[in-house]
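Chemist: predicted model follows, preceded by the sequence.
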Amino acid sequence: MVVVFVCVTGAVSLAWSHTKLMSQDEMYEFQTDSVPSLAGLIHVQKTWPISLDPLLYHALSHAAMQVFGAGVLAQRLPALAGFLLMQVCLFFFVRNLAGERAGALAAAFPAVTATLFYAVEGRPYGLMLGLYALALLCWQVAERQWSRKTSARGWALVGLAAALAGTINAHYFGILLLVPVCVAEAWTTLVRRRIDWPMGAAIVAGMAGLLTTRPFLKAAGEFRKNYYNGGSVGLHDITRAYRSIIVNYTQMPMGAQHVWMAVLVMFAAAVVWGCWRVRRELCVASAEWVLVLALAALPFCGYLLARFVTHSIEVRYVLGAVVAISAMLAIAVSPLLKRDAVFNAALVVLGLGIVCSGAVRIHAEQQKTAARLASLVLPTELKAALLASADRRLYVQDMGAFEEDRYYEPDADVKARMTLVYSSAEELQWSRHDTMALTAMHLEQFTDLPVVSYEALKAQTGEHIFVLFHTGWDWTDQAFAQDGVIVRPLGKAMAGDVAAVRFR
C-alpha cells in the first residue's frame, strides 16, 4: 500500500511541478547549480553565494542537471526524492511501533498537508524531510537491535551518521536534527545506565558534518550583518510553523486564521490524547516516545536557535516536525485501523485527498502561471518608449521581479534589455537591510546578467525606463523623491508601473 501512496504522491508532484513557475529563491538556486562544473559550484558557494545554503542540495541538483539538462525538473528532483524518501521511512518507522496499517497512514498523511509544496520547490526542504525520517528510522533500528543483543546493525548506524551529516549539509538549521536524536539517546543511557558506544560514535560522525559547512557558512556570513529578516524572531514563529505544516493559512482572511488555529489546537490535543491511550497497548519504548516528541517540538527548538544564535528564522526551517506529527497521528488511531472497514475508509479518504488536493493545487497553479505570463507581455506603446529611451534598457530594482520576469519574459528583445538596479546605501536607508544589493553584486561575479548600481545610473543623462513596484522590496519611490528625480508615468506592465525617469 505504501508503494501506491508514494507513486500517487510522485505523480501529483510531477504534474504540479510542470505547471509551477520558479520562485525568486529557486532562481538563485538555479543560477548557482547550473554552473558548468562541480568545482565551479563549490567556488561560487565559497566566495559569491546567492543561495545561502551548504553544499549538499546544490551538488545533487547540479548532478541532476548534468544528467537531465539544466532545467526546472532536474533542479527539483532532489526535493521530490527527499519527500518520497520521507514517506517510505515513515512507513517502516511507524510499522515498527504500531503495525503496517498505521505505517501506511503515516506515510500518506504528509502528502495531504501543506508540506507537499516542498516536494516541488527546488530547494533543500524536501530533501531535509527525507533525511529527518531516515535518521529516525536508522536510530530506531539500531536501538532495537542493540536491545536484542544482535550485531547486525552496522548499516543502521552508517545510515544514522549519513542522515545527520546530510541534513546539516543541506541547511544550516538541519543541526536541529541532533536535538531529538541526542535527547533520545541520552534518555536511553539514563534508563539503562550504560552507554551505547557504537551509537554515540555514529552520532558524533554525523555531527562531524558541521566541519564541511564551515567554508560556506563563512561566505554566507557576509549577509548576516544586515539580513532582510534579521532580528524578527518572536513566539508567533512557533505557532506559525505548526499552522504552516498543515495548511497554507497565509491566504486565509484573519477570521478564518483564528478558526484554523482553534482547529489545530483541538487536533493536537486529540493526537496527544490518542497516543496516551495506546501507550500500554503498543509497548513502545520510552526512548522512542522521547524521540518522536522531541522532533514534534522542533518549532520550539528552532525558535530558541533563532532567538539566541541566528536572529532570523523562516517557518520552513522547522518543517521536519511533520514527520513526528504524522507518526503520532498514525499511532493515536492505530487501534481503530484494526477494523477493516475503518482502515479501508482511511485509505480511500487519504488517496482521494492526495489526488483531489493535488488537482486543486495544479489548477490554481495553472491559473497563476497563465496570469503571470500574460502580465509579462509589454504593450506596443511601452516597448516603443523603451526603444526610444537613452540607453534602451528596462530597469528593475525589485530583485524578485527581475529574477522571475526576466527568466519568463516571452519577448527575447525585451528580456535582453532588462537590467537589475541595486544600491547598498539606498537599500539600507529605506529598507534597513542590504540583502538584495549583496545578491546583485555576487550575481555580477559568476553570471552574465545585466546589473548596474543606482549610483552609476544617476550619473547618466537622458530618460531611463523603469518598472516600479511600490512594495517593501522596492525603494525607488523614496530614493527618487529624495533625489528630486523627474518621473513620467507611461503605463502598466509586468504587474508594476512603467515610467520614464530623468535624473537631475
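Modeler: Looks like it came in fine.

Chemist: what does stretch 250-267 rub up against?
Modeler: Contacts of stretch 250-267 from elsewhere in the structure, counted by Cβ atoms under 8 Å, 6 or more residues apart in numbering, are 239, 242-244, 246-247, 249. Where you see a C-beta, it was placed from the backbone N, CA and C, and this is true even at glycine.

Chemist: where along the stretch 301-450 of the chain do the helices fall?
Modeler: Secondary structure of the stretch 301-450 of the chain (DSSP state H, counting those that start in this stretch): helices located at 321-333, 340-375, 380-388, 399-408, 412-417, 424-431, 435-446.

Chemist: most neighbours per residue, which of those helices?
Modeler: With neighbours defined by mean count of other Cβ atoms under 10 Å, none of the helices of the stretch 301-450 of the chain is more surrounded on average than helix 321-333, at a mean of 25.

Chemist: tell me the pLDDT of the closest residue to residue 307 other than its chain neighbours.
Modeler: Spatial nearest neighbour of residue 307, chain neighbours left out: residue 233 (5.1 Å); criterion: Cβ to Cβ, 6 or more residues apart in numbering. Per-residue confidence at residue 233 stands at 86 (pLDDT).

Chemist: list the contacts for residue 233?
Modeler: With contacts defined as Cβ under 8 Å, 6+ apart, residue 233 is in contact with 303, 306-307, 311-313.

Chemist: okay if I get these as TSV plus distance to residue 24, neighbour count and pLDDT?
Modeler: Output for the contacts of residue 233, formatted as TSV (distance: Cβ to Cβ, whole Å; neighbours: other Cβ atoms under 10 Å; pLDDT from 0 to 100):
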residue	distance to residue 24	neighbour count	pLDDT
303	25	19	94
306	22	22	92
307	27	14	91
311	22	15	87
312	17	16	87
313	19	23	87
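
Chemist: kindly indicate which of the residues you listed lies nearest residue 125.
Modeler: Within those, distances to residue 125 taken as Cβ to Cβ reach their minimum at residue 313, with 13.5 Å.

Chemist: quick one: that closest one and residue 302 touch, right?
Modeler: Yes: under the contact definition of Cβ atoms under 8 Å, residue 313 touches residue 302, with a separation of 5.9 Å.

Chemist: so where's the stretch 101-250 of the chain uncertain?
Modeler: Residue ranges of the stretch 101-250 of the chain with pLDDT under 70: 147-151.

Chemist: re the thing from before, which SS state does the residue nearest to residue 307 fall under?
Modeler: On the three-state scheme (DSSP: H, G, I helix; E, B strand; the rest coil), residue 233 is labelled coil.

Chemist: from residue 213, how far out is it?
Modeler: With distances defined as Cβ to Cβ, to the nearest Å, the gap from residue 233 to residue 213 amounts to 22 Å.

Chemist: quick revisit: in strands, which of the contacts of residue 233 fall?
Modeler: Restricting these to those inside strands, with DSSP state E as the criterion, leaves an empty set.

Chemist: residue 421: which of those is nearest?
Modeler: Set against residue 421, the nearest of the contacts of residue 233 by Cβ to Cβ is residue 312 (25.3 Å).

Chemist: leaving out sequence neighbours, find the closest residue to the most centrally placed residue in the chain.
Modeler: The centroid of the chain falls nearest to residue 125 when counting by Cα atoms, centre = their mean (4.1 Å). With sequence-adjacent residues excluded and distances taken as Cβ to Cβ, 6+ apart, residue 125 is closest to residue 118, at 4.1 Å.

Chemist: residues contacting that neighbour?
Modeler: Taking Cβ under 8 Å, 6+ apart as the definition of contact, the neighbours of residue 118 are 79, 83, 125-126, 129, 316, 319.

Chemist: domain ranges for the chain?
Modeler: The record's domain parsing of the chain by automatic domain parsing lists 2-213+234-366, 376-502.

Chemist: next one: the closest residue to residue 486 other than its chain neighbours from residue 474, what distance?
Modeler: Distance criterion Cβ to Cβ, 6+ apart; nearest residue to residue 486, sequence neighbours excluded, is residue 502 at 4.3 Å. Residue 502 is 19 Å from residue 474, where distance means Cβ to Cβ.

Chemist: that older thread, pull the contacting residues for the residue nearest to residue 486.
Modeler: Counting by Cβ under 8 Å, 6+ apart, residue 502 touches 462-464, 485-486, 488.

Chemist: out of those residues, the closest to residue 47 would be?
Modeler: Ranked by distance to residue 47 (Cβ to Cβ), the contacts of residue 502 are led by residue 464 at 31.4 Å.

Chemist: please identify the helix or strand for that closest one.
Modeler: strand 463-468 (DSSP states H and E).

Chemist: any buried residues in the following helix or strand past that strand, and which?
Modeler: Later in the chain than strand 463-468, the nearest helix or strand by DSSP H and E is helix 476-483. Neighbour counts using 16 or more other Cβ atoms under 10 Å place 476-477, 479-480 of helix 476-483 among the buried residues.

Chemist: now for these, which pair is the farthest apart?
Modeler: Between all members of the buried residues of helix 476-483, the longest pairwise span (Cβ to Cβ) is found for 477 and 479 and amounts to 7.4 Å.

Chemist: and the gap between the nearest residue to residue 145 once chain neighbours are set aside and residue 144?
Modeler: Nearest residue to residue 145 in three dimensions, chain neighbours excluded: residue 153, at 3.9 Å (Cβ to Cβ, 6+ apart). For residue 153, the distance to residue 144 equals 9 Å [Cβ to Cβ].

Chemist: neighbour count: these two, which is higher?
Modeler: residue 153 (21 against 15; other Cβ atoms under 10 Å).

Chemist: thinking that one is in contact with residue 146, fair?
Modeler: Yes: with contacts counted by Cβ under 8 Å, residue 153 reaches residue 146, the gap being 6.6 Å.

Chemist: overlap of the contact sets of these two?
Modeler: Here residue 153 and residue 146 share the contacting residues residue 198, scored by Cβ under 8 Å, 6+ apart.

Chemist: show me which positions of stretch 90-106 end up buried.
Modeler: For stretch 90-106, the buried set under the neighbour-count rule, 16+ other Cβ under 10 Å, comprises 90-99, 101-106.

Chemist: show me which of those residues is closest to residue 8.
Modeler: Proximity of the buried residues of stretch 90-106 to residue 8 was ranked by Cβ to Cβ; the top entry is residue 104 with 12.3 Å.

Chemist: my guess is that closest one contacts residue 3, does it?
Modeler: No: counting by Cβ under 8 Å, residue 104 does not reach residue 3; the two are 10.0 Å apart.

Chemist: all strands for the protein, in order.
Modeler: Here the chain has its strands, by DSSP E, at 394-396, 418-422, 451-453, 463-468, 486-493, 496-502.

Chemist: out of the ones you listed, which is the most enclosed?
Modeler: Scoring these by mean neighbour count under mean count of other Cβ under 10 Å gives strand 394-396 as the most buried, with a mean of 25.

Chemist: so who does residue 144 touch?
Modeler: For residue 144, the contacting residues are residue 96, taking Cβ under 8 Å, 6+ apart as the criterion.
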